[in-house]
Structures are given as structure tokens and as C-alpha cells.
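J.: Could you look at this predicted model? Sequence included:
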Amino acid sequence: MKPPPRLSFRRTSDFAIEGQLMTSTLSAPTGTDEPLTIGGRSFRSRLMVGTGKYRDHGVMTRAIKASGAEIVTVAVRRVDLDRTKEEGMLHHLSTDDYFLLANTAGCYTADEAVRHARLAREAGFNEFIKLEVIGDRETLLPDTEGLLSAARILVKEGFAVLAYTNDDLVTALRLEDAGCAAVMPLASPIGSGLGLLNPYGIRTIKRRLSVPVIVDAGVGTASDACLTMEQGVDGILMNTALAEASDPVAMATAMRWAVEAGRLAFLAGRMPRREVAMPSSPTGGMLR
Amino acid sequence: MNDIEIVLNGEPRLVPGPSTVAGLLQHLSLDPWAVVVELNRQIVRRAQLEQTPLASGDSVELVHFVGGG
């Protein structure tokens, strides 16, 4: 296991939960963790969020702001020439405020995914692509063969590839070998909200890979996010957990702190698990 | 000026001709900075929009970013 970045606790009050911490405007503790670096770019937030399925754009922009995320995902789709559906996302999100991460969601072959990635890059924001090649319509689980072949092509073309994959170590290792900038194993299927189904698998991928490991998909609520970050991964990407919450802005705030809490707990190093109790109070000095 | 028939986002469509890709975007009131154009499966870079002619039978895809996860 790689040693976690060294913590520099100045005072315990650095992490004290004070009243103001409950507001979403206070920034997380700084100077205690390394920034998240993907493809040569550094980010402060370890939470990335999607922009799909919100009931309206106002709720979406407020939720994204509350999440503290810097990386925001978007999909590439045909322009609706009848203008009856939504306008492009660029009408609602300022690219000065957010780093746009285009995805290849909905692609079922390597060719389709490569085509979408090239179109996304041509939009002119960055060379990052969240690569998805889906293999099954019911579970939306990845087609790892198509994923690897698309990843190799895109890496060769200079993309920073963030590959959405399953919780399989061998595929993750191959994606790293292919030159992916980050590997994104799922917590559970896309949009399922089932939480972290295979903590061991995710931990193992994190332990064995050198590139950042971002858990993508399946997180349902704050405890899922916290538990996921406690495995030592570098970040989490979520969408439905916010968009389908009754109050997306409140859930985004909760997720922001859950990701921070899970990260800090990981860095702090948890106590050992024991099968028997160990008293917290002195055993001596009892009245007899 | 004769209309030309192209396939636009998968649907046959008559547009004024002769034209360029830039002319098509203007006809559709689309901001060239907000869309990416593919002509017969080849991406047309923004700098080339004005010089790229549009011919009858061409297949054009116009894409942009929408909400997604």
C-alpha cells in the first residue's frame, strides 16, 4: 500500500465542526491534502458532478455550486433543430467557473466512442474525455474490450482519457497500461444508487494503480460517498444522487462534506478493527 | 439560388444553396462557437467553416454539449 500523503495537523481545531462549517460557502480545510492531479491539471475538489436529469437548470446550477465541484461532466448530442428541447449546456454553465469533462455516454462501440470524443474535443475546451463504452443495456456495465481499444486510440491522439470501467483489477491495470490519465471504476451500476458494492475491489484497484482512481457511478447518498472515499480513492463522480434527490442543493452540500470527511478519515488512518472490546476508561483505580 | 437536399442530423432537409457550412449555420441561426460540425463523417474545424462548401447529398451532423453524467 502506498503511504497516504502526510497530514500536517496544525491544531485539532482545523477540523472542528463549528456552526459555520454547516454552510456551503466555507471552504474545506486547506494545506492538509495534496491537490488532485489528473492529466497534468490540478483540482482542489475531489467531487465531480454530472449535469444530467435535473428537473430544471436553476436547480442544477445551484446544486453544482453547492457541491464545490470544479469538474463537471457533459454529454455530446445532436443539436435539437426544432428547439423544443433543452438548449446547449453552455447556456447554463460558465466555462470560467467549471472544467468541462465531456463524456461518451450512450456509446456501445469503440468507434462510436472515439467519434464522440473527437467531436467533444473540437468544441475547444480541453483534451479530457470521460470514456464510456457500454456493453449491456440493462445494467449499463462497460464493454471492457471496446473500452480498451477506444482508450488506446484516444491516448494516441493526445486525449487525457478518464475511463469508466467496472471494479475489475485486471481491466483497470490494462487501462493504466494503455495510458489512461485516470481510471474510473463503478461503485455500482449507473443511476442505481446502490452504493459501494465491492469495497475490496475498489481498494485493490487503488492500491495497485499509479494513476488517479475516481469512483464513478452508483453512489446514492452521503454515507456511500464517505465510505467510498475512506477506501483511499482519489475522488468520486456522481450525477443521479444529486439530480434525483428531493432537494438536490441540500444533497450536493451533504456530498461535498461526505467526500471531505471520507478523505480526511482515510488520511487520518482508522483504528484497527477488533473482535473484542477494549475499555476506553482506565481499568485500575476502581472502588472496591 | 436553388435549394439543395442534405441529410441533417439524420433527417433529409432542404436548405438554400449554393452554400457553405458557415452559411448553413447562419440559416439555422446557430452560433458557430456553440456547435461542432461533422460533414460526411469528417469534423469541420471552426476556421474552415466559411471555406467548406455544402453539396447536395451531403450528410451533416451538428452537435453540442447537453446535460450528462
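T.: Happy to help now that I have it. Residues are numbered from 1 along each chain as shown, chains lettered A, B, ... in the order given.
J.: now what about stretch B:45-54, what contacts it?
T.: A:122, A:124, B:4, B:6, B:15, B:17-25, B:32-33, B:37, B:39, B:44, B:60 (Cβ atoms under 8 Å, 6 or more residues apart in numbering or on different chains). The way it works is simple: take the backbone N, C-alpha and C, and place the C-beta from them, glycine included.
J.: Return the subset of these lying in helices.
T.: Members of the contacts of stretch B:45-54 lying in helices (criterion: DSSP state H): A:122, B:21, B:22, B:23, B:24, B:25.
J.: so which of the residues you listed comes closest to residue A:269?
T.: Comparing these against residue A:269 with Cβ to Cβ picks out residue A:122 as the nearest, at 45.4 Å.
J.: my guess is the closest one meets residue B:33, correct?
T.: No. The criterion here is Cβ atoms under 8 Å, and residue A:122 misses it with residue B:33 at 11.5 Å.
J.: show me what contacts residue A:98?
T.: Counting by Cβ under 8 Å, 6+ apart, residue A:98 makes contact with A:64, A:69, A:70, A:71, A:72.
J.: Apply 7 Å and report the result again.
T.: When contacts are counted by Cβ atoms under 7 Å, 6 or more residues apart in numbering or on different chains, residue A:98 touches A:70, A:72.
J.: If you count neighbours, what's buried in the one helix or strand residue A:58 maps to?
T.: Following DSSP states H and E, one finds residue A:58 within helix A:57-67. Buried positions in helix A:57-67, judged by neighbour count with 16 or more other Cβ atoms under 10 Å in any protein chain shown: A:57, A:59, A:60, A:61, A:63, A:64, A:65, A:66, A:67.
J.: And that helix, what does it pack against?
T.: strand A:47-49, helix A:248-268 (3 or more Cβ pairs under 7 Å, 6 or more residues apart in numbering or on different chains; DSSP states H and E).
J.: hmm, who's touching it?
T.: A:24, A:47, A:49, A:51, A:54, A:72, A:92-93, A:242, A:248-249, A:252-253, A:255-256.
J.: any residue of the next helix or strand after it up close to chain B?
T.: Scanning forward in sequence from helix A:57-67 by DSSP H and E, the next helix or strand is strand A:71-78. Yes. Contact of strand A:71-78 with chain B (Cβ under 7 Å from any Cβ of the partner chain) involves A:73, A:74, A:75, A:76, A:77, A:78.
J.: So which of the residues you listed is the closest to chain B?
T.: residue A:75 (2.7 Å; Cβ to the nearest Cβ).
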